[in-house]
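In: no sequence for this one, just the structure:
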């Protein structure tokens, strides 16, 4: 916030007062600076908890953690892709499709979203019953993967 490591600017745009790096509250507007820092780190902690849950086979818990991150940070493509994958693993392909499509609106060449949608498209074409009208037609631009995409490898840094 400031270039001086011993100083911290208030995060509120209307204030921006410079405070001591150890200040509990902003000297100008009384914003709780320590609580603000913890709150800003919370999505990263939830994302990491979601990864841990996914790796230990607790897919529903992982989905809930990723959904919380997406609620707080709707533009987080990694969290949204992880949420889509969890939805797919929990047999909710339409929810997965919706989240991967949202990723592609922000990042049109996102490899995970493209692979996930291609996997969904291949499931529709391999299905023995005819596709329902609510299922979007297969997109020929998507490659045909043999398995769903892997969860993100990147773990955001956590701060206290």
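Out: Yep, that arrived. Just so it is clear, the model here is predicted, and its values are computed rather than measured.
In: what helices or strands is the strand or helix carrying residue 114 leaning on?
Out: Element membership for residue 114, per DSSP states H and E: helix 111-126. Other elements packing on helix 111-126 under the criterion 3 or more Cβ pairs under 8 Å, 6 or more residues apart in numbering; DSSP states H and E are helix 77-89, helix 93-106. Backbone N, C-alpha and C define where each C-beta goes, glycine included.
In: Of the ones you listed, give the one that comes closest to residue 118.
Out: The closest of the helices and strands packed on helix 111-126 to residue 118 is helix 93-106. By Cβ to Cβ, the value is 9.8 Å.
In: What residues of that closest one count as buried?
Out: 93, 95, 96, 97, 99, 100, 102, 103, 104 (16 or more other Cβ atoms under 10 Å).
In: Let me see the contact set for the second one.
Out: Taking Cβ atoms under 8 Å, 6 or more residues apart in numbering, we find residue 95 in contact with 84, 87.
In: For it, give its distance to residue 80.
Out: 11 Å (Cβ to Cβ, to the nearest Å).
In: Looking at the buried residues of helix 93-106, which is nearest residue 124?
Out: Nearest to residue 124, judged by Cβ to Cβ, of the buried residues of helix 93-106 is residue 93 at 8.5 Å.
In: With adjacent residues omitted, what lies nearest to the closest one?
Out: Distances taken as Cβ to Cβ, 6 or more residues apart in numbering place residue 120 nearest to residue 93, at 5.5 Å, with adjacent residues excluded.
In: With residue 27 instead?
Out: Leaving aside its chain neighbours, residue 27 sits nearest to residue 19 (5.4 Å; criterion: Cβ to Cβ, 6+ apart).
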